[in-house]
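S.K.: only geometry, no sequence info:
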């Protein structure tokens, strides 16, 4: 008759070390105190010359300075291409974000969260776009299709 043997992990429940002696043992690094450069702080004097050879004298101590002035307020540029405008225009009109007046799509890209218009794609319709920045190529394509770009402030 087969006797059911308990799993070892279940058998060791309640014992602190699960049969490996001290609580420090059996952690994957032997008894050396860590992996890599662990324990190479200011008091590990015997390792300092080795570290100087590997990393130079800049291994220990603080370096550089922290600027406490005003943070950089330049925000990230969120771009959109003409091909994307051509794709999304009808959905924007349905949502009420853009409007179609006299055959021209009027789209405020700044309200939509875009900061720059790029020239990839074609301007197949007449557009009046409101945006902060735009490339020369995008401006040329919009004007050749009979549209205009208004620079948002």
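M.R.: Looks like it arrived, so ask away. Note that the coordinates shown come from a computational prediction; the quantities given were computed from them, not determined experimentally.

S.K.: hey, let's count contacts and neighbours off CA atoms from now on
M.R.: Will do.

S.K.: lowest average confidence, helix or strand, in this structure?
M.R.: Counting by mean pLDDT, DSSP states H and E, the weakest-scoring helix or strand in the chain turns out to be helix 48-55, with a mean of 79.

S.K.: next secondary structure after it?
M.R.: For helix 48-55, the succeeding helix or strand toward the C-terminus, using DSSP states H and E, is strand 79-81.

S.K.: residues making contact with that next one?
M.R.: Around strand 79-81, the neighbours that count as contacts under C-alpha atoms under 8 Å, 6 or more residues apart in numbering are 114, 115, 116, 117, 118, 119, 120, 121.

S.K.: how about a cut-off of 6 Å?
M.R.: With contacts defined as C-alpha atoms under 6 Å, 6 or more residues apart in numbering, strand 79-81 is touched by 114, 116, 117, 118, 119, 120.

S.K.: so which of those residues belong to strands?
M.R.: 116, 117, 118 (DSSP state E).

S.K.: can you redo these as a markdown table with pLDDT, distance to residue 55 and neighbour count?
M.R.: Formatted as a markdown table, the entries for those read as follows, by pLDDT from 0 to 100; distance: C-alpha to C-alpha, whole Å; neighbours: other C-alpha atoms under 10 Å:
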| residue | pLDDT | distance to residue 55 | neighbour count |
| --- | --- | --- | --- |
| 116 | 92 | 44 | 17 |
| 117 | 93 | 46 | 25 |
| 118 | 93 | 45 | 18 |
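
S.K.: residue 93: which of these is nearest?
M.R.: The shortest approach to residue 93 among those belongs to residue 117, at 19.0 Å (C-alpha to C-alpha).

S.K.: show me where the chain has helices.
M.R.: Under the criterion DSSP state H, helices of the chain are mapped to 8-11, 48-55, 82-95, 136-144.

S.K.: looking at these, which is nearest to residue 105?
M.R.: Comparison of the helices of the chain against residue 105 by C-alpha to C-alpha identifies helix 82-95 as nearest, at 7.6 Å.
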